[in-house]
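S.K.: 3D model of this:
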Amino acid sequence: MSDLDAYRPNVGVVLFNREGLVWYGQRHATPGPHNWQFPQGGVDAGEDLEAAARRELHEETGVTSIELLARTDDWILYDFPPEAMNNAKAWRGFKGQKQQWFAFRFTGNEAEIDLAADDEVEFDAWRWGPLSDACDLIVPFKRPAYEQVVAAFSHLAA
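M.R.: Have a look, this model is predicted:
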């Protein structure tokens, strides 16, 4: 078993608007200050990574009007913090998550954004903001991963 096998397969999405700002969602029922993040989620067995990213984006935001801009070349890893390891349902024995990240351009109208598009609500609120804010908004244990995402997609930002 390789070290990568200890990480749960996951995808993340940075959604850019036409002005080069990115979509941030405020985690459902999660107190601040570090409760904003990009859409992300697990990959089903045998699922294509881009298809998983599009599915997760739709489930968490309602958005389907998108065009692919870029994706990361390699897996970006993060470890779950020790206090989160007690949540066996979420982590299922994994050490952390390995993520492929996708950058999409939102081509629709903001009325398309529906945080209740899926039965499992991920976000309570959303906003557009600079990509450079991402590392200050995310929970600290994900910050090193977000630094890599920001670096990978900074050429697309406003």
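
S.K.: helices or strands next to the helix or strand encompassing Val13 in the packing?
M.R.: Val13 is part of strand 7-16 when elements are defined by DSSP states H and E. Contacts defined by 3 or more Cβ pairs under 8 Å, 6 or more residues apart in numbering; DSSP states H and E place strand 7-16 against strand 22-27, strand 40-42, helix 49-61, strand 96-106, helix 143-153. C-betas here are computed from N, CA, C, even on glycine.

S.K.: Show me the one of these that comes nearest Asp5.
M.R.: Distance to Asp5, taken as Cβ to Cβ, is lowest for strand 96-106 among the helices and strands packed on strand 7-16, at 9.2 Å.

S.K.: okay, the angle between the following helix or strand past that closest one and strand 7-16?
M.R.: Beyond strand 96-106 on the C-terminal side, the first helix or strand identified by DSSP H and E is strand 123-129. Interaxial angle of strand 123-129 relative to strand 7-16 (axes from the mean of the first three to the mean of the last three Cα atoms, to 10 degrees): 50 degrees.

S.K.: Measure how far strand 123-129 is from the centre of its chain, please.
M.R.: 13 Å (Cα atoms, centre = their mean, to the nearest Å).

S.K.: where does the protein dip in pLDDT?
M.R.: The chain contains residues with pLDDT under 70 at 1-2, 84-91.
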